[in-house]
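*Asks:* fold the following.
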Amino acid sequence: MLGQFLERGRDQVSDEQIRVVPVANESGPRNILARAALRPRDPARTPPPNGSEASHARWRSPDHRNRQAWTPGAGPGGGMERYPREPSDPVHFRFEHDLSWSTRDPNVEMRTIGQAEPVTACDSVVMRAATAESYYRRLSRAVDFIVRRLDRPCSVEDVAAEAAFSRFHCQRMFRAMTGESIAELVRRLRLERAAWRLRHERLSVTEAAFDAGYESTESFSRAFRRGCGINPSRYGTAWPPPPFAGPAARVRYYPGEARTEIDTPIGDIDMDVRIETLDDIDVVRTHHVGPYNEVGACFERLFAWAAGVGARPGRVFTLSWDDPDTVEPEKLRSDACLELQTSAEPPPGIEIDRIGSGRYAVHTHRGPYDGIPETYRHLFASWLPQSGEEPDDRPCMELYRNSPVDTAPAELLTDLCLPLRTAPGG
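*Replies:* Below is the predicted model of the structure:
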C-alpha cells in the first residue's frame, strides 16, 4: 500500500524517505508523524519552496481510494487537496501506534529518529493500510499458489505456509478475507476454468468434467448448474456468459490468463477492539462436540457440580476450536469453562485445568448469541488485516458478561477474544 502510494512509477521516483518524528499535541498525547517525500528523477525540477512541516494526510480506505491530503502550504487549517499535485510535494502521515513496522519495497526507506506516545484516536492510518496490504499480499500469494496447483490437492497446511498465516486460524482468515473457504474456492476455480475451456477450446462436456476433477458428467453438470445457473452444454453459446462467483466472493479469476485479483474491503474500521493481556485462569471444563448453540447443557453440568462441592465460579466462557463456516455443525468442537479453584475430584467428563496467559484482541458483541459468527467474520476480515497484529495458535474465547437466564437476547454481552501473538519486544 505505502509502496504503491509512493511509487507512482519507478521512473518518477528516486530517493523516498520516511521519517518518524515526535511532535507536540496541544490536546494531550504526542502524535507520530511519518514524512514521505516523493522526488522526481529529473534534476531540473525543484521542489516547492515551502517546507510544509504542517502537512498531513488522512486515509479512508485500504485500497487508497477516497484519500485526502493537505499539500504544502495548506496545513491542517487550510483547504483540502487530493493527491499531492506534484511528485516532489512532501506528505506527512499520522500514525496511531508506535512504529514497529517495516517494508520490503526497494523504493522505501524507514528511518526512526525519535520516540513518541501513540495518539488515542485517528480516522485511518497509513500503518494500518500497510498492514492490510501485507495481509492481502500474503493472501494473494496463497491464491496464486492454488491456481498453479489447481489440478492437485491443496491442504490447509499448504495454504497457511504459503500465506504465512496461523495454521490454527488459516481457514477462518481465508474465508473472512475471500468470502469462500479454501475448498470452495478450489471448486469454483476448477469450474470456471472448465467453463472457459468449454467456450474457447470447444471441449466436450465429458472432457470438461474430467478437467475439473469430476468422475462423472452428472456430478459435474449438477455442480456447474449450482455455480452459474445453466447446464454446461449451453454455456459455450450463452451470452453474456453467467458468472460463477457469488456476491460474497472477493477473488476474481481470469482462466485465459491464469491470474486472479482480490477485491479488498473499502472503508474505515467500525469495530471497537481493545488489546488485553489475560493472566492464567484456573478452570473446570468439559468438552462439547456439536453446534455451538447447544453447549448450554455442558454449562448446566458444570454449575451443578460446582454447587455440589461448594465452589463458587468466577468468569464463564467458551473455547471455540473450529470455524463454523468451514466445519459441519455436528463436528464443531468447543470447551465450556468455569473459572474455579477447588481441590475436589471432578467426575468423568469434567476436568480441572489452567488456561495459560496471553494477549487477545477483545470486541464486545451485543445481542443474541447467533450473531457471534458474523461478528467474528468482521473481526477477521476488517479489523485483523489492518491491526498490525498476528493471530496466535490458540482457540478463540467467548467470555459471557451476563446470563441469558435473566437478560433479554438483545442485551446479552459477550467478549469475543481473538488470541494474538506476543508483541515484538514483549
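*Asks:* what about the helices in the stretch 251-400 of the chain?
*Replies:* Assigned by DSSP state H, counting those that start in this stretch, the helices in the stretch 251-400 of the chain fall at 296-308, 372-378.
*Asks:* highest mean neighbour count out of those?
*Replies:* Across these, the average number of neighbours (mean count of other CB atoms under 10 Å) peaks for helix 372-378, which reaches a mean of 17. Every residue, glycine included, has its C-beta placed from N, CA and C.
*Asks:* distance of the closest residue to P404 other than its chain neighbours from I372?
*Replies:* Nearest residue to P404, sequence neighbours excluded (CB to CB, 6 or more residues apart in numbering): L412, at 6.2 Å. Distance, L412 to I372, by CB to CB, to the nearest Å: 10 Å.
*Asks:* can you check H363 too?
*Replies:* Counting by CB to CB, the gap from H363 to I372 is 10 Å.
*Asks:* what sits in contact with each of these two?
*Replies:* L416 (CB atoms under 8 Å, 6 or more residues apart in numbering).
*Asks:* can you tell me, leaving aside adjacent residues, what's nearest to R187?
*Replies:* Closest residue in space to R187, ignoring its immediate chain neighbours: A223 at 7.2 Å, by CB to CB, 6+ apart.
*Asks:* hang on, isn't the one you found packed against R190?
*Replies:* No. With contact defined as CB atoms under 8 Å, A223 does not count as touching R190 (9.1 Å).
*Asks:* could you pull out the buried residues of stretch 280-296?
*Replies:* Neighbour-count burial for stretch 280-296, counted by 16 or more other CB atoms under 10 Å, picks out 281, 283-286, 288, 292, 295.
*Asks:* oh sorry, the question was meant for stretch 326-343
*Replies:* 326, 332, 334-340, 342.
*Asks:* where does pLDDT dip in the stretch 151-300 of the chain?
*Replies:* By pLDDT under 70, the weakly predicted segments of the stretch 151-300 of the chain are 265-269.
*Asks:* could you pull out the strands for it?
*Replies:* With DSSP state E, counting those that start in this stretch, the ranges of strands along the stretch 151-300 of the chain come out as 251-254, 259-262, 274-278, 281-289.
*Asks:* who's in contact with the last one?
*Replies:* Among residues not part of strand 281-289, those counted as contacts by CB under 8 Å, 6+ apart are 294-295, 298, 301-302, 305-306, 315, 319, 330-342, 346, 349-355.
*Asks:* just checking, which of those residues belong to strands?
*Replies:* Applying DSSP state E to the contacts of strand 281-289, the entries found in strands are 319, 333-339, 351-355.
*Asks:* what is the nearest of these to V159?
*Replies:* R333 (20.9 Å; CB to CB).
*Asks:* check contacts around the closest residue to the closest one other than its chain neighbours.
*Replies:* Among residues not flanking R333 along the chain, W321 sits closest, at 4.1 Å (CB to CB, 6+ apart). Shown in contact with W321 (CB under 8 Å, 6+ apart): 332-335, 395.
*Asks:* now W321: how far from P242?
*Replies:* Distance of W321 to P242, given as CB to CB: 38 Å.
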